[in-house]
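# what shape does this take:
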Amino acid sequence: MAVQLNHTIVWARDKQASASFLADVLGVAAPTRYGSFVVVQVDNAVSLDFLDADDVVHPQHYAFIVSETEFDEIFDRIRERELSYWADPGQEQHGEINTRDGGRGVYWEDPDGHLLEIITRPYGG
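Model prediction:
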């Protein structure tokens, strides 16, 4: 059996708001409930399962590979929402995208400070 990522827990101050934010920006199906989780399903059978944090949310990084067309659509939604975005994970290249490895990539933050990223090609590929 191949080892595959199935899901990850994303801690949030408001799981419904954070899950809805991600689904809306990425343009995927609306979140669903599973027990105490609010689940965002992405296309490769991996889900991000949002759960309310009891204390401080420690920001994590989540990256998504998208097509060139999807990149344009998601990037449009980022700009329409007037979200800050960067070309780099250190958030030093504000208002820019990157073109590493012949693709495009951009980073932005969710309401809890998680650093989200879309790329059109895997890095180093």
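# which residues of this protein fall in helices?
15-26, 68-80 (DSSP state H).
# Serialize those to CSV and add fields for distance to residue 33, mean neighbour count and mean pLDDT.
All C-beta spots, glycine's among them, are computed from the backbone N, C-alpha and C. Conversion of the helices of the chain to CSV gives the following (distance: least, C-beta to C-beta, whole Å; neighbours: other C-beta atoms under 10 Å; pLDDT from 0 to 100):
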stretch, distance to residue 33, mean neighbour count, mean pLDDT
helix 15-26, 9, 20, 98
helix 68-80, 24, 14, 98
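# turn these into CSV, including distance to residue 4.
Listed next are these as CSV, based on distance: least, C-beta to C-beta, whole Å:
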stretch, distance to residue 4
helix 15-26, 20
helix 68-80, 21
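# how about the ones you listed, which one is nearest residue 101?
With C-beta to C-beta, the closest approach to residue 101 among these belongs to helix 68-80: 13.6 Å.
# now the closest one and helix 15-26, what's the angle there?
120 degrees (axes from the mean of the first three to the mean of the last three C-alpha atoms, to 10 degrees).
# do you know the pLDDT at residue 125?
On pLDDT, residue 125 comes in at 68.
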